[in-house]
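Visitor: Task: produce atomic coordinates for the following.
(one chain, ligands or ions: 1)
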Amino acid sequence: MPTVLLTGFEPFAQAPVNPSWDAVQIVAECWTAPASLIVARLPVEFGAASAALIELVDLHRPDVVIATGVAEGRTAVSIETVAVNMRDARIPDNAGAQPQGEPVVPAAEQRVETSLPVDRIVEALTASGVPVETSDDAGRYVCNDTFYALRHATAPLGIAAGFIHVPASAAMRLDSTVTVMDPAVVAKGLRIAAEVSLAAIPAR
Ligand code: PCA
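Guide: Alright, predicted model coming up:
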């Protein structure tokens, strides 16, 4: 049976929740696809998040890896296409680190791309009524860091791996001008993204 690894992040920046993890938990509760689903909550810490994710990849050898995080201001489920080799933190991470202008991986490629089937995911979410978009800017914070390290590590393995940013949720209690999305809707989008990615992997 194929395996999917799906991750969200712990809360950060004073928010009481992180909707990426809330949505991942809903996916886990409702999972019925003929594939094993492994979920994990990653720390919002430069380096530690990607180390934990890559350890899970080494342990479970998944066919599909989808890491997710929240991006305040996004109005749709955002399929990230590119990660850059740059750390530039506007605020400290949950361990107090605030790197500025450092590489994620020294002397490595400037950018890496998702290997998720982006067009098929966008098509399927659109057909299901889940607001979706592609993005070529995952930021310079812990999500980009994790996405970059994930693709840097998995590129030689030929697995479908990438990153999805999700909109804020009402439970984050942000300013009322920030667009929110119900984590249940996000979860539907993540489940479909995982199923489409599974369907697209070549038989091994
Ligand atoms: N979002 C942050 C890090 C953790 C999260 O959920 C980001 O976009 O980098």
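
Visitor: Spit out the contact partners of Gly47.
Guide: Asp145 (CB atoms under 8 Å, 6 or more residues apart in numbering). C-beta here means a position set from N, CA and C on the backbone, and glycine is covered the same way.

Visitor: At which residues are the helices of this structure located?
Guide: For the chain, the helices defined by DSSP state H occupy 19-30, 48-60, 118-127, 142-154, 183-200.

Visitor: So which of these is nearest the ligand?
Guide: Among these, the nearest to the ligand by CB to the nearest ligand atom is helix 142-154 (3.1 Å).

Visitor: And the closest one, what does it pack against?
Guide: helix 48-60, strand 64-70, strand 82-84, strand 111-113, strand 160-166 (3 or more CB pairs under 8 Å, 6 or more residues apart in numbering; DSSP states H and E).

Visitor: which of the helices of the chain is buried the deepest?
Guide: Ranked by mean neighbour count, those are led by helix 142-154 with a mean of 24 (mean count of other CB atoms under 10 Å).

Visitor: Would that one count as contacting the ligand?
Guide: Yes: Helix 142-154 lies within reach of the ligand by CB under 6 Å from any ligand atom, at Val142, Cys143.

Visitor: Please tabulate the helices and strands packed on helix 142-154 in a markdown table, including the columns distance to the ligand.
Guide: Output for the helices and strands packed on helix 142-154, formatted as a markdown table (distance: least, CB to the nearest ligand atom, whole Å):
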| stretch | distance to the ligand |
| --- | --- |
| helix 48-60 | 8 |
| strand 64-70 | 3 |
| strand 82-84 | 11 |
| strand 111-113 | 16 |
| strand 160-166 | 6 |
